[in-house]
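K.L.:
give me coordinates for this.
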Amino acid sequence: MKVNPQTSTVNCYPFYDGGTAESANAVANVFKTATQFFSTVVALGGGKGVMGIANAQQEPSTTPSGGGVFYAKAGSPKWRDSAGVKHNLAVIEAGLTLANGANDNVAVNDDATLLVITGPTAAFSLSGIASPRAGRRLLLYYAGPWVMTLVNDATSTAANRILTMTGGNRTTALACFIELVYSATAARWLVTSFEA
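P.N.:
The predicted structure is shown next:
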């Protein structure tokens, strides 16, 4: 099948469902029915007017130019932008096991968005999260009851550190929910919300 350049008036957008109000041949590809991409196995969940996307056979490993790459991994939507930053478009929960005392440069699940803290049986602290990337958003949940200290801009490797936005450490023995966003400009994790 030959598709002409978009400057052409014919055969430049050859895919369309019958009944479109426009001449899809010269306007755009038009899909009204459900469509499955990247697989010959239709997996639409019984939906109509939906789009099915199979898991990527291989995740993008280089930075796309002039746009981005949309794909699925383990059923969750992902986006890799033209700066090479991977974005999770859904909240993915994972455990984060910490130890009593200091926890520095902590490695976390690369795909996770919501991290549920477990492990400590006494007071503990968190000073930094390893392998940051610009724009990454993390949600931390701790149910208690041990005293948790979020350390402000200290102890961990500089680029992994956390800015609590209060100028000092944040401490709580209550259940808490913390939102962090990584800033490439500040080269720190920024606390955008601290609920306890």
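K.L.:
quote the end-to-end distance of stretch 139-156.
P.N.:
19 Å (CA to CA, to the nearest Å).
K.L.:
so what's Ala134 up against?
P.N.:
Ala134 is in contact with 83, 85, 182-184, counting by CB atoms under 8 Å, 6 or more residues apart in numbering. Every C-beta, even on glycine, is put in place using the N, C-alpha and C of the backbone.
K.L.:
wait, what's in contact with Val191?
P.N.:
Contacts for Val191 were tallied using CB under 8 Å, 6+ apart; they are 150, 162-165, 170, 178-180.
K.L.:
separate out the buried members of the residues you listed.
P.N.:
150, 162-164, 170, 178, 180 (16 or more other CB atoms under 10 Å).
K.L.:
what is the nearest of the residues you listed to Ala123?
P.N.:
Leu150 (12.6 Å; CB to CB).
K.L.:
quick one, what contacts that closest one?
P.N.:
So Leu150 contacts 125-126, 162, 164, 169-171, 178, 191, 194 (CB under 8 Å, 6+ apart).
K.L.:
just those: which are in strands?
P.N.:
Among the contacts of Leu150, DSSP state E puts 125-126, 162, 170-171, 178, 191, 194 in strands.
K.L.:
quick one: these as TSV, columns for distance to Ser156 and pLDDT too.
P.N.:
What follows is the ones in strands among the contacts of Leu150, written out as TSV (distance: CB to CB, whole Å; pLDDT from 0 to 100):
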residue	distance to Ser156	pLDDT
Ser125	10	98
Leu126	9	98
Ile162	8	98
Arg170	15	97
Thr171	17	95
Ile178	16	97
Val191	14	98
Phe194	18	96
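K.L.:
re the thing from before, which one of the contacts of Val191 sits closest to Leu140?
P.N.:
The nearest one, if we look at those relative to Leu140 and count by CB to CB, is Ile178, at 4.3 Å.
K.L.:
which residues does that closest one bridge with?
P.N.:
Leu140, Phe194 (DSSP bridges).
K.L.:
what residues are up against it?
P.N.:
139-141, 150, 191, 193-195.
K.L.:
state the distance from it to Met165.
P.N.:
Per CB to CB, to the nearest Å, Ile178 is found 11 Å from Met165.
K.L.:
C-terminal to the helix or strand of the chain with the lowest mean pLDDT, what's the next element?
P.N.:
In the chain, no helix or strand scores lower on mean pLDDT, DSSP states H and E than helix 24-27, which sits at a mean of 56. Downstream of helix 24-27, the first helix or strand assigned by DSSP states H and E is strand 35-37.
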